[in-house]
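Engineer: pasting the sequence and the predicted model now:
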Amino acid sequence: MPSNTAWLLSKALRPAEDAAVGARDRGRKVTAAVIDASPVGDSVEIRARRAQDASNRAREAEERAVQAARESKAFADRASEVSDRGHARVKDVERETRREIERRVAEAQKAADEFVKRERQEAEADAEEELLEVEDEVEDEIAKAESDAEASQRRAEELVEDAAEALAEARLLADEAAEAARSAAQEADRQAQQLQEEAKQRASEADARLKAVEDLRERAAATAKRTARQLDQETTDGGLDAYKKPELVELAASIGIEKRTNMTKDELVDAITRAARQRARQGASA
């Protein structure tokens, strides 16, 4: 029987454990690459999520591979334990059979040397048979443990391959997401520069319009003052009564009087007079 079965199994399982550790490290690197991609836009976010999902599947595959490696190691440990227990059992049986032989020989010695010889032969035959049976049982147990360990190792290797494929897919998706992010960033920078130029142009146009409004406001204020003085003079001289109603309506519109079309001529004269006086006071205070 092989006495170094556990050592051989541990040597066989070591590549699976090393591959699982490597898969875990690659999964971490791919996850970091996806996080650093900084996606911009809907397409980038979708690709980033796909890359993250692939990275998650890679980590799950990695964890399954690591778990399978652990189970494989447990089976190997169990095989080693069964082997050690079998050897110990064989040694115990050898000791017990030797004691039984010695006991039966001692009893047979009293009867006769020939009887002792025959009894010794029979005892040795029985011991050999029992020893062979025990060895067969131990061999069967070791073979079964080794078979379980090999099956577990194969499963671990398959999971490691799945994890490697998932990592490769995650890395590809991460690269696509990063490229999309770079393209989106370049496009955003171009648009930002264009918007900046447009904003400068609009600011320049707004300054020009503001200056025009200020000029118009100053001209309107001067015109309002002149109109107010004229209306006040005409009101003082009684000149508004000489205006026709359409003329009064037009004059009321020029100074912002509301509901002018529904007023009578006298109401228009009165409203225009009040507005003229109010504008005159505002012009004086200004």
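Structural biologist: Received the coordinates, thanks.

Engineer: now the helices: where do they sit in this protein?
Structural biologist: 5-36, 42-111, 113-237, 245-254, 265-285 (DSSP state H).

Engineer: tabulate these (JSON lines), appending mean pLDDT and mean neighbour count.
Structural biologist: All C-beta atoms are positioned from the backbone trio N, CA, C, and that covers glycine. JSON lines is the format used below for the helices of the chain (pLDDT from 0 to 100; neighbours: other C-beta atoms under 10 Å):
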{"stretch": "helix 5-36", "mean pLDDT": "56", "mean neighbour count": "18"}
{"stretch": "helix 42-111", "mean pLDDT": "88", "mean neighbour count": "17"}
{"stretch": "helix 113-237", "mean pLDDT": "79", "mean neighbour count": "15"}
{"stretch": "helix 245-254", "mean pLDDT": "90", "mean neighbour count": "16"}
{"stretch": "helix 265-285", "mean pLDDT": "82", "mean neighbour count": "16"}
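
Engineer: from Glu158, how far off is the spatially closest residue to Ala149 that is not a sequence neighbour?
Structural biologist: Excluding its sequence neighbours, the residue lying closest to Ala149 (C-beta to C-beta, 6 or more residues apart in numbering) is Phe75, at 4.0 Å. With the distance defined as C-beta to C-beta, to the nearest Å, Phe75 ends up 16 Å from Glu158.

Engineer: try Gln194
Structural biologist: 54 Å.

Engineer: can you pull up the most central residue in this protein?
Structural biologist: With distances taken as C-alpha atoms, centre = their mean, Gln52 lies nearest the centre of the chain, 4.8 Å away.

Engineer: quick one: the residue nearest to Ala149 and Ser147 touch, right?
Structural biologist: No: assessed by C-beta atoms under 8 Å, Phe75 is found out of contact with Ser147, at 9.3 Å.

Engineer: gap between stretch 77-84 and the chain center?
Structural biologist: 43 Å (C-alpha atoms, centre = their mean, to the nearest Å).

Engineer: repeat for stretch 168-184
Structural biologist: For stretch 168-184, the distance from its own C-alpha centre to the chain's C-alpha centre is 14 Å (C-alpha atoms, centre = their mean).

Engineer: could you do stretch 124-137 as well?
Structural biologist: 63 Å.

Engineer: over to stretch 81-89?
Structural biologist: That offset, for stretch 81-89, works out to 50 Å (C-alpha atoms, centre = their mean).

Engineer: what's the answer for stretch 133-144, then?
Structural biologist: 52 Å.

Engineer: can you check stretch 240-259 too?
Structural biologist: The mean C-alpha position of stretch 240-259 is separated from the chain mean by 73 Å, C-alpha atoms, centre = their mean.

Engineer: same check, this time on stretch 84-94
Structural biologist: Using C-alpha atoms, centre = their mean, the offset of stretch 84-94 from its chain centre is 56 Å.

Engineer: just the C-alphas of it, formatted as PDB.
Structural biologist: In PDB, the C-alpha atoms belonging to stretch 84-94 read as follows (Å, rounded to 0.1, in the frame of the first residue of the first chain):
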ATOM      1  CA  ASP A  84      -3.300   6.600   8.400                       C
ATOM      2  CA  ARG A  85      -6.200   4.900  10.200                       C
ATOM      3  CA  GLY A  86      -5.900   1.900   7.900                       C
ATOM      4  CA  HIS A  87      -2.200   1.500   8.600                       C
ATOM      5  CA  ALA A  88      -2.900   1.800  12.300                       C
ATOM      6  CA  ARG A  89      -5.600  -0.700  12.100                       C
ATOM      7  CA  VAL A  90      -3.300  -3.100  10.200                       C
ATOM      8  CA  LYS A  91      -0.600  -2.700  12.900                       C
ATOM      9  CA  ASP A  92      -3.200  -3.300  15.600                       C
ATOM     10  CA  VAL A  93      -4.400  -6.500  13.900                       C
ATOM     11  CA  GLU A  94      -0.700  -7.600  13.500                       C
END
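
Engineer: so what touches it?
Structural biologist: 1, 3, 130-131, 134-135, 137-139, 141-142 (C-beta atoms under 8 Å, 6 or more residues apart in numbering).
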